[in-house]
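A.B. asks: pasting the structure only:
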């Protein structure tokens, strides 16, 4: 019985104000699925790379070119994220690369749960054996995808020359959490006022450790740097293990 | 950003805690939103006020947002800098790009440029319930 007014409320008394200390991220639900995804990738011996850019920066084209240049150094598969259509997955499959399409049906970014679904779809597509690299091509958007950990090992942010070199300054969050910044469509540099120096300076002002590559998937310029990055990733299986363990404890 | 879905995530955490503690009513929710989180405070507050109307448990909940000041780090000497003490001209939402455009140098060594140190947190800190 409540000892303040004698009503039938069971403890805790309805008069009691209780203050709970929580200190937990609002994205905790997503982050916990992301950790599971990362473990899943580790278990099947694959490194996951999350590709983030605005629409039309050339994510799918870069993956198509990657497939063309591949000569047995590593294997890869793609989880395609889009609001609608199977188009990107079809483009990748046409190059002989396993791909699955996740359509968000309106959502402007992938989250860890959608990617989890993608992993299982991909496993069906692959049957036995798994590739060394799994690309997660995010929905074209330089804003929201930045906040969602998908369970990737590396995050790559891309800006194409026609978009302008002010993008890192204007969309800082996407650059804060990325490991590599790729400037694409370098073949268009003569036709646009894009300052590579400004783009790199702005990106490093936000994230001093970010690596930078410049390339054109169309002409093949700079593609060897990209292929080297992927090759070293494909050989790098355990780098983030300690970090994961720490996260699990927390 | 996606303030509405952040608030939906917040509500599901609050509801879970409230049911664990057999609370009838949540009176106050305290969140901490870092200066580099990208969250737009007005949209977040708006989403909270709209969504709470549909929740019996949260209908009378008051939202309190803790906004820590920007912490910066020097690219050369590595020392931490309190963005507020350095009187950086931050107004409203803070975006790291402003650091660059303002061209501020490290107050310790006078040479390095400043970049954000943490500050991207979006945390549920406290729930007050009855």
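C.D. replies: Thanks, I have the structure now. Here the structure is a predicted model, which is why all the values come from computation and not from measurement.
A.B. asks: Identify the residues contacting the nearest residue to residue A:215 once chain neighbours are set aside.
C.D. replies: Using CB to CB, 6 or more residues apart in numbering or on different chains and skipping residues adjacent in sequence, the residue nearest residue A:215 is residue A:222, 3.2 Å away. Where C-beta positions appear, they are placed from N, C-alpha and C, glycine not excepted. Each residue near residue A:222 by CB atoms under 8 Å, 6 or more residues apart in numbering or on different chains is listed here: A:186, A:213-216.
A.B. asks: separation between residue A:222 and residue B:66?
C.D. replies: 45 Å (CB to CB, to the nearest Å).
A.B. asks: Next one: the residue nearest to residue A:215, what pLDDT does it get?
C.D. replies: The score at residue A:222 is 98. That number is its pLDDT.
A.B. asks: count of neighbours near the residue nearest to residue A:192 when sequence neighbours are not counted?
C.D. replies: Leaving out its chain neighbours, the residue that sits closest to residue A:192 by CB to CB, 6+ apart is residue A:161, at 5.2 Å. Residue A:161 has 24 neighbours, counted by other CB atoms under 10 Å in any protein chain shown.
A.B. asks: pretty sure residue A:161 is in contact with residue A:194, am I right?
C.D. replies: Yes - between residue A:161 and residue A:194 there is a contact under CB atoms under 8 Å: 4.6 Å.
A.B. asks: re earlier: please report how far the residue nearest to residue A:192 lies from residue A:193.
C.D. replies: Counting by CB to CB, the gap from residue A:161 to residue A:193 is 10 Å.
A.B. asks: Now do the strands in the chain.
C.D. replies: In the absence of a named chain, this looks at chain A. A:18-25, A:47-53, A:76-82, A:99-103, A:133-137, A:154-160, A:180-184, A:211-214 (DSSP state E).
A.B. asks: I was thinking of chain B, sorry if that wasn't clear
C.D. replies: B:26-33, B:62-66, B:71-74, B:80-82, B:114-116, B:122-129.
A.B. asks: Mean neighbour count for those - can I get that in a markdown table?
C.D. replies: Below are the strands of chain B laid out as a markdown table (neighbours: other CB atoms under 10 Å in any protein chain shown):
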| stretch | mean neighbour count |
| --- | --- |
| strand B:26-33 | 20 |
| strand B:62-66 | 14 |
| strand B:71-74 | 21 |
| strand B:80-82 | 16 |
| strand B:114-116 | 23 |
| strand B:122-129 | 20 |
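A.B. asks: Least reliable of those strands by average pLDDT, please.
C.D. replies: Of all those, mean pLDDT reaches its minimum on strand B:114-116 (a mean of 82).
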